[in-house]
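Participant: Sharing a sequence plus its predicted fold:
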Amino acid sequence: MRTLPHNDDAERAILGAILLNEEAYDSVSQLVGASDFYHPANAEIFTAISKMKENASGFAVDIVTLVDYLKKTDRLEKAGGIAYVSSLTDSNTIITNAEQYASIVKGLSVRRQIISLTTDVNQAAFDESNDIYDVLDSSETQLMRLSEEGSLKKDDFSIGTVISGVIDTMMRRIEGNADDESVPSGYQVLDRMTNGGFKPQDYIVIAARPGIGKTAFGVSMIRNMIREYRKSVAFFSLEMPASQIAVRLLGTISRVNTRNITMGNLAEDELDRVVDAANSIYQLPLYIIDVPNIRLSDLRAKARMLKREKKINCIVIDYIGLIDPGLDPRTPRHEVIAAVSKSLKQLARELEIPVIVLCQVSRDSEEKEPMLSNLRDSGSIEQDADVVMFIHRKRSLSEEDKEKLAKDASGRAVLQVTKIIVAKQRNGETGSFKVGYNPNTTSFEEVSQSEEFIEPVPPEKRGYDKK
C-alpha cells in the first residue's frame, strides 16, 4: 500500500520554529491546523500549543512549558514523550522560514484530503442505495472547499490595506476604469438604492402574490442585464418552458403583444420588430435551464458548471417553491423551504455572484401591501436574504388610478402602475418606487415617478446608454 504524501522534516520544522520563537505561531496558524499534520504526535503537539496560546492566562510557549502542559493534560505520551518533544529544536530549523514550512505541510494535507475524498466518492458510487446526484453534489462541494483552503492566501487585516483598496477603487471609478462587479437591474431607483446594482454573494428574494408578475419582473430585469449591461445570466425557469421565456423576451424587446407572437398573428411591421428583437439577443449570454421541480443538488451542480465554463455574473431562479431539496417527503414544508433558502445563500457566497430567487407571499396579503411576515412557508427566507423586495399592484383599479396610466393612440391603458417595495436591504436603504406593467408584452418598464401620472421613461433618459 502506498504511503500518503507527507513531509516529516517540514512538520518538525514548524513545531521547532514555534518553540524557538512563539511569535511564529501567529503566522503559521493562519495556514495550517492540527488536522494538517500527518503524524499524530505532531498534531498532538500543535493542538497543545494552540490551546496554550488561547489560554486566558497567556502561557509562554517553549520546551519546558509545553512538556509541563502535556504532562498536566495527560497527553505527553501521545505527543511522543519528553525525548521527542525536546528533539524538535535540535534540527536546522530557520525561524524565518516557518511560513514556507507551513505551506509545504498544507499542500500535502490537501493532497491527502483529495485522496480520501476520491476514495469515499468511489465507495459511495458503488453503493446503489445512494442517489448518484447527491454524491456528485457532495463531492463538488468538498472539492470547492479544498480549493479554497489550499489557496494559502495570507490575509492582511490592517486598516491601511483596507483604506488603500477603497481609495484605489474610488479613483478608478472616478477615472472610469473600475471593474464594477455589481449587476444592475436596469431600473434607476432600484440601482440607486442598491448602490449600483446587486452585489457578488448577495442573496436577493423577490416576492409577490400569484398573477402579479414575479416571472415578468424577473425576465424584465434579465432583459436589462444582458442587453444594456452585457452581463451573463443563468435563468432557472422551473415553472415555464424556455420557449415561453423566449416569447416574453421577444415581446418585451419588440413591444409586440406576446399573444400575437405565440399565435403567429403578426402585421408586417410587427414581424420586422420581432425578427430584429430576435437578432439583437440571439448571441447574448443568457442560459435558460427549464427543468421542472429540479433537485437542489442538480441546480447547484449546473450553477457551478455555468460559473466555471460560461463565467455567469448572476443567477435568477423562478421560483423557490419548485426546488426539490431531496428531503424526506414527510418533512414539514417550512423546513423544506428553509433548507433550500440556506443552500441558495451558500451558493451565492460560494460562486461570488448575486443569486436572485422569486418567491410567493401568503394569501392574507391580498389587496394590501405585503410585508416580510407574508413570505410564504418560511421565516428563514427573511433571515437568509440580503435583499427582500415585494411586487405590489391592485388587481382592480379605481377610475382615478386609471386616469394616471399611460395610454396608447386608442386611449387604452398600456401600463399598469406597480409598486416595488424594498423591505429589507442588509447594506443599503429600504423604500419603494413605481414601475409600469405592460400586460400585452408581460414586461415591466421604467416609468416617471410623478404622482400625477405614469409614463414610460425613454432609454436615452435612463441611467444607461441604449445598446
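Facilitator: That came in fine, so what should we check first?
Participant: With Phe198 as the reference, measure out to the residue most central in space within the chain.
Facilitator: By Cα atoms, centre = their mean, the mean C-alpha position of the chain lies nearest to Ala348, the distance being 0.8 Å. Remark: distance between Ala348 and Phe198 (Cβ to Cβ, to the nearest Å) = 10 Å. Quick note: C-beta positions are derived from backbone N, CA and C, even for glycine.
Participant: list residues touching both of these two?
Facilitator: Pro354 (Cβ atoms under 8 Å, 6 or more residues apart in numbering).
Participant: burial measure for Asn122, as a count.
Facilitator: Residue neighbour count, defined by other Cβ atoms under 10 Å, stands at 9 for Asn122.
Participant: So for stretch 265-282, what gets flagged as buried?
Facilitator: Residues of stretch 265-282 classed as buried by neighbour count (16 or more other Cβ atoms under 10 Å): 266, 270, 273-274, 277, 281.
Participant: nope, stretch 37-51 is what I meant
Facilitator: The neighbour-count criterion (16+ other Cβ under 10 Å) identifies 37-38, 41-49 as the buried residues of stretch 37-51.
Participant: Asn438 contacts Val447, doesn't it?
Facilitator: No - between Asn438 and Val447 no contact is recorded; they are 10.4 Å apart, counting by Cβ atoms under 8 Å.
Participant: Between the two, which contacts overlap?
Facilitator: Residues touching both Asn438 and Val447 (Cβ under 8 Å, 6+ apart) are Leu415.
Participant: next SSE after the strand or helix carrying Thr47?
Facilitator: Thr47 is part of helix 40-54, with elements assigned from DSSP states H and E. The helix or strand immediately downstream of helix 40-54 is helix 63-72, counting by DSSP H and E.
Participant: In PDB, could you pull the C-alpha coordinates for the next helix or strand after that next one?
Facilitator: Past helix 63-72, heading to the C-terminal end, the next element that is a helix or strand (DSSP H and E) is helix 81-87. Written as PDB, here are the backbone C-alpha positions of helix 81-87 (Å, rounded to 0.1, in the frame of the first residue of the first chain):
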ATOM      1  CA  GLY A  81       7.300  11.700  25.000                       C
ATOM      2  CA  ILE A  82       9.800  14.100  26.500                       C
ATOM      3  CA  ALA A  83      12.700  12.900  24.200                       C
ATOM      4  CA  TYR A  84      10.700  13.600  21.100                       C
ATOM      5  CA  VAL A  85       9.400  17.000  22.100                       C
ATOM      6  CA  SER A  86      12.900  18.100  23.200                       C
ATOM      7  CA  SER A  87      14.300  17.000  19.900                       C
END
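Participant: contact partners of helix 81-87?
Facilitator: Contacting residues not belonging to helix 81-87 are listed as 41, 45, 63, 66-67, 70, 76, 79 [Cβ under 8 Å, 6+ apart].
Participant: Wait, the residue nearest to the centre of the chain touches Val205, no?
Facilitator: No - in this structure, Ala348 is not within contact of Val205 by Cβ under 8 Å, at 11.4 Å.
Participant: can you tell me which residues contact Lys349?
Facilitator: Check again: residue 349 is Arg, not Lys. Taking Cβ under 8 Å, 6+ apart, we find Arg349 in contact with Gln201.
Participant: is it true that it lies in a helix?
Facilitator: Yes - residue assignment for Arg349, taken from DSSP: H, G, I helix; E, B strand; the rest coil, places it within a helix.
Participant: quick one on the thing from earlier: just put the buried residues of stretch 37-51 in TSV and tack on pLDDT and distance to Ile261.
Facilitator: As requested, the buried residues of stretch 37-51 are arranged in TSV below (pLDDT from 0 to 100; distance: Cβ to Cβ, whole Å):
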residue	pLDDT	distance to Ile261
Phe37	93	65
Tyr38	92	64
Ala41	92	73
Asn42	92	69
Ala43	92	66
Glu44	92	70
Ile45	92	72
Phe46	91	66
Thr47	90	67
Ala48	89	72
Ile49	89	70
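Participant: just checking, what packs against the lengthiest helix in the chain?
Facilitator: In the chain, with assignment by DSSP state H, the single longest helix is helix 98-126. If you count contacts as 3 or more Cβ pairs under 8 Å, 6 or more residues apart in numbering; DSSP states H and E, helix 98-126 packs onto helix 8-20, helix 24-28, helix 132-149.
Participant: can you give me how far the last one is from the chain middle?
Facilitator: The chain centroid and the centroid of helix 132-149 are separated by 16 Å under Cα atoms, centre = their mean, to the nearest Å.
Participant: Hey, what's the angle from that helix to helix 98-126? Just curious.
Facilitator: Using axes from the mean of the first three to the mean of the last three Cα atoms, to 10 degrees, the interaxial angle of helix 132-149 with respect to helix 98-126 works out to 180 degrees.
Participant: just the buried residues of stretch 265-282 now: which is nearest Asp127?
Facilitator: Nearest to Asp127, judged by Cβ to Cβ, of the buried residues of stretch 265-282 is Ile281 at 45.3 Å.
Participant: Quick check: the closest one touching Leu249?
Facilitator: Yes - taking Cβ under 8 Å as the contact criterion, Ile281 and Leu249 are neighbours in contact, 6.3 Å apart.
Participant: What angle do helix 8-20 and the longest helix of the chain make with each other?
Facilitator: Taking the same axes, to 10 degrees, one finds that helix 98-126 is oriented at 130 degrees with respect to helix 8-20.
Participant: Any idea how far helix 98-126 is from the middle of the chain?
Facilitator: Using Cα atoms, centre = their mean, the mean C-alpha position of helix 98-126 is found 26 Å from that of the whole chain.
Participant: Quick one: work out the angle between it and helix 40-54.
Facilitator: When the same axes, to 10 degrees is applied, the directions of helix 98-126 and helix 40-54 differ by 120 degrees.
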